[in-house]
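> task: produce atomic coordinates for the following.
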Amino acid sequence: MGRLVLALMVVACTLPISTVVNYVVPDPYMDEIFHVPQAQRYCKGDFNTWDPMITTLPGLYYASLAYIAPLFPGMQWTGKARSFQEACSTAILRSVNISLAIICALLFYDIVIELRPETNARSATRQAFVLSLYPLHWFFTFLFYTDVGSTTAVMAMYLACIKRSYWLSALLGSLAIIFRQTNIVWVAFVACMGVLDYLDKFSRKTNLLTKADTLVESEIDTSVLNKRFVHAQLKNRRNVNSDKIANNAVSEEKLHQSRDSEWSGVLGEFQFLAYRIWCEKWGILTNFFPFLLVAFAFIAFVIHNGSIVVGAKEAHPVSPHFAQILYFGLASAVAMAPVHFNLSKVAVLCQSFREERTKFLVLFLAALISALVSVQFFRLWH
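Okay, here's the model as predicted:
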């Protein structure tokens with residue numbers, strides 16, 4: 001029921017705005033002047049002509065064909081379109097992203113449920129709807145751009161990985177790259193999240209098996225005891241177990257202390273993680289081999305193509321763009337401020353500033369200098 005309500009909410013919000021956008025801006029807008037004609041060439045069956053100004057792979061255009069194909073018979077029957085090419089109008093192509101936005105909202109819903117199983121349907125619906133209103137995602141919902149399709153493919157890949165369907169997740173990652181090549185970063189991110197989840201699952205499984213083996217051994221030992229010595233043996237076992245418990249508590253405390261001292265800090269955590277990955281290397285390779293295939297295929301594409309982008313290679317060279325981190329940080333801070341920033345935390349922050357004024361001033365100056373250097377020397381005009 002929650003998914004149906006969410007879909008209706010997204011439809012109720014997108015359809016009126018889409019109608020207004022198509023009325024006010026009926027012709028291709030911004031980069032639509034490249035995407036719409038290219039999609040219309042695909043609708044004509046011309047898959048060999050490519051606009052050299054388009055930088056992304058043709059995932060959006062294939063998705064458009066798959067979307068319009070089942071609609072065309074109805075459009076032809078009602079007289080809205082006499083040919084398949086005529087069905088690929090700007091308004092219809094824009095509606096592709098509205099459909100993808102609905103799918104994306106449902107993926108948000110499922111991800112919330114998977115990450116927080118205790119969440120009820122109403123709360124999951126509300127969270128998914130708020131995520132659907134993210135400004136960049138919402139803006140491009142009404143235009144024929146790759147953003148919405150790219151986000152939908154990435155979310156589907158992430159959901160499949162959460163459900164431990166790694167082959168499906170890698171396949172969806174390939175689809176995300178076909179929408180936008182830069183999604184290779186998210187493929188790597190999802191693969192790393194999957195590895196961490198696999199290690200955590202393996203640790204829990206090992207602990208459960210150890211406890212089960214201990215319980216079985218205890219029951220077998222009890223069953224083979226001679227009845228004449230059961231009482232004495234149990235009495236002795238209680239004494240032994242009490243000693244074992246005390247010894248185990250001391251040994252566990254020493255283990256944690258040694259681990260804390262040995263693996264303290266971020267570097268220690270990375271070392272410990274690398275050690276766990278090495279111990280489970282074959283299991284990780286077996287489960288996450290599909291992601292390696294995607295990575296190798298992407299590397300082969302870049303080598304063959306000579307660049308990450310398909311077209312306009314001179315205008316899109318690979319170079320450091322640290323100013324993008326500032327944009328991302330500001331957008332994330334504004335978006336998450338209502339969740340993580342309240343009056344009590346402001347009071348704590350002010351108190352910390354008064355107590356460690358010198359430290360905060362040094363950090364502020366360091367951040368300011370880093371920002372100025374990033375903007376001055378590591379920005380790209382586009």
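> residues in contact with the spatially most central residue of the chain?
For the chain, the residue nearest the mean C-alpha position is Tyr158 (4.9 Å; CA atoms, centre = their mean). Residues in contact with Tyr158, defined by CB atoms under 8 Å, 6 or more residues apart in numbering, are 111, 169, 186, 190, 193. Every residue, glycine included, has its C-beta placed from N, CA and C.
> show me what the helix or strand harbouring Val96 is packed against.
Assessed by DSSP states H and E, Val96 sits inside helix 90-115. Identification of packing neighbours for helix 90-115 by 3 or more CB pairs under 8 Å, 6 or more residues apart in numbering; DSSP states H and E yields helix 2-24, helix 32-44, helix 59-68, helix 121-132, helix 135-140, helix 147-162.
> now the buried members of the contacts of Tyr158.
Buried by 16 or more other CB atoms under 10 Å: 111, 169, 186, 190, out of the contacts of Tyr158.
> could I get those as CSV with pLDDT and secondary structure?
Output for these, formatted as CSV (pLDDT from 0 to 100; DSSP: H, G, I helix; E, B strand; the rest coil):
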residue, pLDDT, secondary structure
Ile111, 91, helix
Ser169, 91, helix
Trp186, 93, helix
Val190, 91, helix
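> just put these in TSV and tack on distance to Leu57.
As requested, the buried ones among the contacts of Tyr158 are arranged in TSV below (distance: CB to CB, whole Å):
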residue	distance to Leu57
Ile111	25
Ser169	19
Trp186	15
Val190	19
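> excluding its backbone neighbours, what's nearest Lys80?
What sits nearest to Lys80 in space, not counting adjacent residues and going by CB to CB, 6 or more residues apart in numbering, is Ala87, at 7.6 Å.
> just give me the neighbour total for that neighbour.
20 (other CB atoms under 10 Å).
> my read: it touches Pro73, true?
No - shown here, Ala87 and Pro73 do not form a contact pair, counting by CB atoms under 8 Å, at 10.0 Å.
> out of the helices and strands in the protein, which is least certain?
Ranked by mean pLDDT, DSSP states H and E, the weakest helix or strand in the chain is helix 230-262, scoring a mean of 46.
> low-confidence ranges, the stretch 101-250 of the chain, go.
202-250 (pLDDT under 70).
> now render the helices and strands packed on helix 90-115 as a markdown table, adding distance to Ala295.
Shown next, in a markdown table, are these (distance: least, CB to CB, whole Å):
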| stretch | distance to Ala295 |
| --- | --- |
| helix 2-24 | 33 |
| helix 32-44 | 27 |
| helix 59-68 | 18 |
| helix 121-132 | 28 |
| helix 135-140 | 26 |
| helix 147-162 | 14 |
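> pick the most buried one from those.
The highest mean neighbour count among the helices and strands packed on helix 90-115 belongs to helix 147-162 (a mean of 24), with neighbours defined as mean count of other CB atoms under 10 Å.
> contacting residues for the nearest residue to Val112 once chain neighbours are set aside?
Sequence neighbours aside, Ala124 is the residue nearest to Val112 in space, at 4.6 Å (criterion: CB to CB, 6+ apart). Counting by CB under 8 Å, 6+ apart, Ala124 touches 2, 109, 112-113.
> ok, Ala124 to Tyr134 distance?
Relative to Tyr134, Ala124 is positioned 17 Å away (CB to CB, to the nearest Å).
> likewise for Tyr145?
15 Å.
> and if you look at Phe291?
For Phe291, the distance to Tyr134 - CB to CB - is 26 Å.
> so between those two, which is more surrounded?
Phe291 (24 against 13).
> helix or strand for that one, which one?
Per DSSP H and E, Phe291 falls inside helix 281-305.
> next one: that helix to chain centre, how far?
In terms of CA atoms, centre = their mean, to the nearest Å, the centre of helix 281-305 is found 18 Å from the chain centre.
> over to stretch 357-365?
34 Å.
> now Val5: how far from Ser132?
From Val5 across to Ser132, the span is 13 Å (CB to CB).
> sorry, slip of the keys, the one I care about is Lys359.
From Lys359 across to Ser132, the span is 40 Å (CB to CB).
> what about the closest residue to Gln76 other than its chain neighbours, distance to Phe144?
Spatial nearest neighbour of Gln76, excluding adjacent residues (CB to CB, 6+ apart): Arg82 at 6.8 Å. According to CB to CB, Arg82 and Phe144 sit 22 Å apart.
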